[in-house]
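>>> structure of the sequence below:
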Amino acid sequence: MALKEKITERLKKFTFVEESPRLPALQKASVLIPLFVREEKVYVLLTLRSVELRHNAGEVCFPGGKSDRNDRDEIHTALREAEEEIGLPPDGVEVVCRLSPVLNQRGLLVTPVVGFISESFQACPNPAEVSDVFSVPLDLFLKDVHHSAYPISNTSTMTHCFNLTDPLTKKVYQIWGLTAILNILLAVLVFGRKPDFEVEFNVDKAIVNFQLEFKHRLSKL
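Numbers count the residues shown, from 1 in each chain. This is a model prediction of the structure:
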């Protein structure tokens with residue numbers, strides 16, 4: 001079985017199924033986590049937000065945004081936002097699963113949608129929203145080489161941070177906060193092993209059951 005098919009099969013086991021009672025009536029948003037395989041290595045596509053934006057200006061994140069009244073569901077939101085931000089057509093995404101929603105610092109209930117895109121995809125960033133698009137190997141988020149962590153004041157939660165330098169452009173990217181956490185969790189689910197650094201959640205349980213282990217912890221971010 002090819003690497004892409006193996007990852008797809010594994011991630012589908014962690015597809016979020018809404019429980020009863022229903023999720024709280026909060027304003028919703030979605031992000032697309034675009035994966036692709038190149039030379040038998042899995043990569044994740046990330047964006048750098050425009051410095052002109054009101055929220056999280058200049059930060060690394062996934063394509064995504066708030067749900068619209070015309071969106072059919074969380075997947076539709078993620079695909080629509082990715083097309084608006086980086087020119088990724090919805091039919092160019094092979095959706096694998098949606099993971100458990102998380103509550104971000106702005107009070108938005110964010111649903112991560114995981115999908116595969118073509119390795120040949122060329123992004124066309126919308127300059128009003130995105131200043132750069134780049135990709136990194138997903139297994140980087142299990143390594144301690146570029147990683148640091150520090151506690152958030154008055155909580156038991158850690159902020160994880162990865163500082164990366166593009167070998168070709170020499171641009172420096174800092175991946176932290178919720179984006180870093182989601183990359184760590186996705187890498188754990190894809191590769192089925194613990195990170196080389198300490199995390200404040202139980203990785204073994206995460207591999208067995210993503211939803212039960214992380215739903216409560218991620219809601220505190």
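>>> relative to residue 196, how far out is the closest residue to residue 199 other than its chain neighbours?
Closest residue to residue 199 in three dimensions, ignoring its sequence neighbours and counting by CB to CB, 6 or more residues apart in numbering: residue 184, at 6.8 Å. C-beta: built from backbone N, CA, C; applies to glycine. Distance, residue 184 to residue 196, by CB to CB, to the nearest Å: 11 Å.
>>> can you check which residues contact both of the two?
Here residue 184 and residue 196 have residue 142 as joint contacts, going by CB atoms under 8 Å, 6 or more residues apart in numbering.
>>> please name the residues that touch residue 29.
Counted by CB under 8 Å, 6+ apart, residue 29 has contacts 64, 65, 66, 67, 77, 104, 108, 109, 110, 111.
>>> phi and psi next, for it.
As for residue 29, its main-chain torsions (degrees, to the nearest 10) stand at phi -150, psi 160.
>>> check residue 35 too.
Residue 35 adopts backbone torsions of phi -110, psi 150, taken as degrees, to the nearest 10.
>>> bridged to the residue lying closest to it once chain neighbours are set aside, which residues?
Spatial nearest neighbour of residue 35, chain neighbours left out: residue 116 (5.3 Å); criterion: CB to CB, 6+ apart. In this entry, residue 116 is beta-bridged to residue 35, residue 94, by DSSP bridges.
>>> surely residue 116 touches residue 94?
Yes - assessed by CB atoms under 8 Å, residue 116 is found in contact with residue 94 at 4.4 Å.
>>> overlap in contacts, these two.
In contact with both residue 116 and residue 94: residue 8, using CB under 8 Å, 6+ apart.
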